[in-house]
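Enquirer: With the input below, show me the fold.
(4 chains)
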Number of protein chains: 2
Amino acid sequence: MDGRSRGQRGEGRVTLTEVAERAGVSRSAVSFVLNGRTDLRLSADTSARVRRAAEELGYSPNATAKTLRTGKSGTVALVSDFIGTTSVANSMVRGVLESLHDADTLLYMVDSQGEPSLEERLLRSLIDRDVDGIIYGSMFTRTIAVPTLLRNAPFVLLNCVSEDSDTTAVIPDEVGAGTTAATALLSAGHRDRIWFVGVFPPGITGGGSWHGWSPLALTERLRGIDAALAAAGTALAGRASVDGDWDVAGGRSSVAKLLASGAAPSALICVNDAVGLGAYQALQDAGLRVPDDVSVIAFDGSPLATAVRPALTSVALPHEALGRLAAQLLLDREAAPRIHRVPMPLAPGGSVSAPRSVR
Amino acid sequence: MDGRSRGQRGEGRVTLTEVAERAGVSRSAVSFVLNGRTDLRLSADTSARVRRAAEELGYSPNATAKTLRTGKSGTVALVSDFIGTTSVANSMVRGVLESLHDADTLLYMVDSQGEPSLEERLLRSLIDRDVDGIIYGSMFTRTIAVPTLLRNAPFVLLNCVSEDSDTTAVIPDEVGAGTTAATALLSAGHRDRIWFVGVFPPGITGGGSWHGWSPLALTERLRGIDAALAAAGTALAGRASVDGDWDVAGGRSSVAKLLASGAAPSALICVNDAVGLGAYQALQDAGLRVPDDVSVIAFDGSPLATAVRPALTSVALPHEALGRLAAQLLLDREAAPRIHRVPMPLAPGGSVSAPRSVR
DNA sequence: CTGAAAGCGCTTACAG
DNA sequence: CTGAAAGCGCTTACAG
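Expert: Numbers count the residues shown, from 1 in each chain, chains lettered A, B, ... in the order given. Presented below is the predicted three-dimensional model:
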């Protein structure tokens, strides 16, 4: 005998049995009608009676019981190291939710805080709950090793890639972004005095917030820039390093040092918007105007870019599209495993114009 | 007979039955040992055998089955209209996850997009999954009507309040924030030329992004400001309205109009950081320096505040603390229902100094 | 066309 | 001290 009385849980939640009783049919019949199965033929009258009974009782099937029976939970998890950490997460989550929404699927939000042991515990917990799939996300675009437990469920990598070839991943098209930035400057007439701001100092592969990871974004953006400039018969005038993190202070001191060194850039390509804002400040301190004296372009497309004057022209991270695609790929199980690269659109501001010398 | 073979689901997930077989005991014994129940006395030897068998088989209990049996799922949901919409969500979510993390509870992330019918469907879906509780959040601080379905589970309101007295809610202490802002200016020596920037135009109760809601934040911040100034024997010199949304452009045009009208403010209290940045720009256009000519203080404590020079002094929304407290209250079921107000700390920048006249 | 029964993997009173 | 059995609320082959 079971000690729990009905009243102790969910106050009289209606069960399938009660619907069957009210409709005067078997429980199987109710299940078939409500799940819209047509392989059994039930009389139209029976169907109607069942539906009415369910409606009148306000019946809603217990999803836990359904999951236990079918092994399908109608849930998906987003496991990452970024959730509570960065504001970029938001747009990605929005994209994920958009896709899931149509599929009537709920989302578990899980933050591993970058700790492998915590991550393992959480993955285990999700698998124990029969999640239908997992989106495994990284705060920064990088190469990861797929956790063993992840393979217990269908999964898609978001903003990261693995070296395993059987893996589906979604990342921004960083090479294309580099090309876009360089092309924007070339079109405006810049050519020989274009500097890149944001490489790591010699011997360093990542700033404080990189945990020692080598960011794919940096390598690939530079590759795109170099290729576009080479195709135009020119090259970067140089690469300025940023000590520490890619923030406003880092950008300011890097560009201040650059200007002090006697370099006379016509344009700066900044590794992200914060560094771009730092560049604005250093240029202002040097009495140089944007874009009249120096053009500035950056990457990210963050709210920072539109908070300054002139608005910073930026090649935008397609967070929402990334999230949306990752969720879609997780749901469409027939997609062949491969890396999907999502284009990064140019978000034009007012920080790029023709170089001074050619006016 | 059941058609599904073992191999079709979770590839040989180990069950309690298998642990019992390997340990040579009954399933009950395994359950008792693994759940650490001491009301039955099992021999130390039995316990050890069970634990070893579980360990060797890599046993992890099926949470779905557990939930069906016990009615407790070890999950909580955050239902709100803000999730994918605003970057403030992040810190709140971080706070929520911090609290949940220790309680070994997983989080469902649900975005109602502000649509009642979608919200109802999602709430139903959560209840069908036996969530242990729901945090119901609002993007902007406001008064809401509690959805009927919400009462099917323990719940806490986050960043909103209801008129029902049996409700637990967590909101920022907006009145205190107003006091803090006014006091900061008073301490610096400002007195009779303090303006507030950000009331709605006459007859309007909300900008485009307010969906017609009256934001509690505005009313309460003003109340705090008025009280603090009154206590010092003075009052606001005036309140400048912002047409449309509280963004940079809105702040800029509002302050430009204010200055054009001949007002000579010694300090501006801006309704949020974006409006504060707009104020910076309008002041600059008018040839006025911050803080030498005009001091500026705002509310939010967003990344925008630290991206400008001088950094904008701001009374910060305690997003993370709000989320953390909401989750704690949901888990600690004995707390009496009431409204909890979380203090808003001052985030000092360089935008407040003594007024020009008293130098 | 319909219904009785097994089973998903657990927990827990109850009888030994 | 231990084990057999009921039951959580569903789905679904199978027999009528």
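Enquirer: use CA for all of it now, contacts and neighbours both
Expert: Fine.
Enquirer: I'd say residue A:276 and residue A:250 touch.
Expert: No. Residue A:276 is beyond contact range of residue A:250, at 9.8 Å (criterion: C-alpha atoms under 8 Å).
Enquirer: Of those two, give the one with the bigger neighbour count.
Expert: Comparing residue A:276 with residue A:250 by other C-alpha atoms under 10 Å in any protein chain shown, the one with more neighbours is residue A:276, at 32 against 22.
Enquirer: give the contact list for the more buried one.
Expert: Applying C-alpha atoms under 8 Å, 6 or more residues apart in numbering or on different chains to residue A:276 gives the contacts A:248, A:251, A:270, A:296-298, A:312.
Enquirer: ok, so what distance separates the single nearest residue of the stretch 151-300 of chain A relative to DNA strand C from DNA strand D?
Expert: Closest contact between the stretch 151-300 of chain A and DNA strand C, by C-alpha to the nearest atom of the strand, is at residue A:152 (14.4 Å). As judged by C-alpha to the nearest atom of the strand, to the nearest Å, residue A:152 and DNA strand D stand 21 Å apart.
Enquirer: show me where pLDDT drops low in chain A?
Expert: For chain A, the stretches flagged by pLDDT under 70 are A:1-12, A:39-41, A:83-88, A:207-212, A:358-359.
Enquirer: Would you map the helices across it?
Expert: Counting by DSSP state H, chain A has helices at residues A:16-23, A:27-34, A:44-57, A:63-70, A:88-102, A:116-128, A:174-188, A:216-231, A:248-260, A:273-285, A:303-306, A:319-331.
Enquirer: Please tabulate the ones you listed in CSV and include distance to DNA strand C as additional columns.
Expert: Converted to CSV, the helices of chain A look like this (distance: least, C-alpha to the nearest atom of the strand, whole Å):
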stretch, distance to DNA strand C
helix A:16-23, 8
helix A:27-34, 5
helix A:44-57, 6
helix A:63-70, 3
helix A:88-102, 25
helix A:116-128, 8
helix A:174-188, 44
helix A:216-231, 41
helix A:248-260, 52
helix A:273-285, 50
helix A:303-306, 48
helix A:319-331, 23
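Enquirer: follow-up on the earlier one: surely the residue of the stretch 151-300 of chain A closest to DNA strand C meets residue A:127?
Expert: Yes. Between residue A:152 and residue A:127 there is a contact at 7.2 Å, judged by C-alpha under 8 Å.
Enquirer: So for those two, which residue has more residues nearby?
Expert: Using other C-alpha under 10 Å as the criterion, residue A:152 and residue A:127 rank with residue A:127 on top: 22 against 18.
Enquirer: and residue A:143, bridged to which residues?
Expert: The bridge-partner assignment for residue A:143, based on DSSP bridges, gives residue A:161.
Enquirer: which ones are touching it?
Expert: With contacts defined as C-alpha under 8 Å, 6+ apart, residue A:143 is in contact with A:160-163, A:216.
Enquirer: From the contacts of residue A:276, pick the one nearest DNA strand D.
Expert: residue A:298 (52.0 Å).
Enquirer: So what's the residue count around the closest one?
Expert: Neighbour tally, residue A:298, other C-alpha under 10 Å: 29.
Enquirer: same check, this time on residue A:34
Expert: Around residue A:34 there are 16 other residues, counting by other C-alpha under 10 Å.
Enquirer: hang on, it packs against residue A:49?
Expert: No. With contact defined as C-alpha under 8 Å, residue A:34 does not count as touching residue A:49 (11.3 Å).
Enquirer: Residue of the stretch 251-359 of chain A nearest DNA strand C, please.
Expert: Proximity of the stretch 251-359 of chain A to DNA strand C (C-alpha to the nearest atom of the strand) peaks at residue A:333, 22.8 Å away.
Enquirer: Can you tell me how far that residue is from DNA strand D?
Expert: With the distance defined as C-alpha to the nearest atom of the strand, residue A:333 ends up 19 Å from DNA strand D.
Enquirer: Look up how far DNA strand D lies from residue A:132.
Expert: Counting by C-alpha to the nearest atom of the strand - residue A:132 and DNA strand D are separated by 15 Å.
Enquirer: Check the burial of that residue by counting its neighbours.
Expert: Residue A:132: 20 neighbours (other C-alpha under 10 Å).
Enquirer: Confirm for me that it is in contact with residue A:75.
Expert: Yes. Under the criterion of C-alpha under 8 Å, residue A:132 makes contact with residue A:75 at 5.7 Å.
Enquirer: tell me the centre residue of chain A?
Expert: residue A:92 (4.0 Å; C-alpha atoms, centre = their mean).
Enquirer: Switch the contacts of residue A:143 over to a markdown table; also include distance to residue A:198 and neighbour count.
Expert: Shown next, in a markdown table, are these (distance: C-alpha to C-alpha, whole Å; neighbours: other C-alpha atoms under 10 Å in any protein chain shown):
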| residue | distance to residue A:198 | neighbour count |
| --- | --- | --- |
| A:160 | 21 | 22 |
| A:161 | 23 | 26 |
| A:162 | 25 | 16 |
| A:163 | 26 | 10 |
| A:216 | 13 | 17 |
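Enquirer: Find the pair from these with maximum spatial separation.
Expert: By the measure C-alpha to C-alpha, A:163 and A:216 form the most distant pair in those, at 13.3 Å.
Enquirer: what does the domain assignment say about chain A?
Expert: A:6-61, A:75-172+A:320-342, A:174-317+A:346-358 (automatic domain parsing).
Enquirer: contacting residues around residue A:238?
Expert: The contact partners of residue A:238, by C-alpha under 8 Å, 6+ apart, come to A:194-196.
Enquirer: which bits of the stretch 151-300 of chain A sit near chain B?
Expert: Where the stretch 151-300 of chain A comes near chain B, counting by C-alpha under 8 Å from any C-alpha of the partner chain, the residues are A:152, A:248, A:274, A:277.
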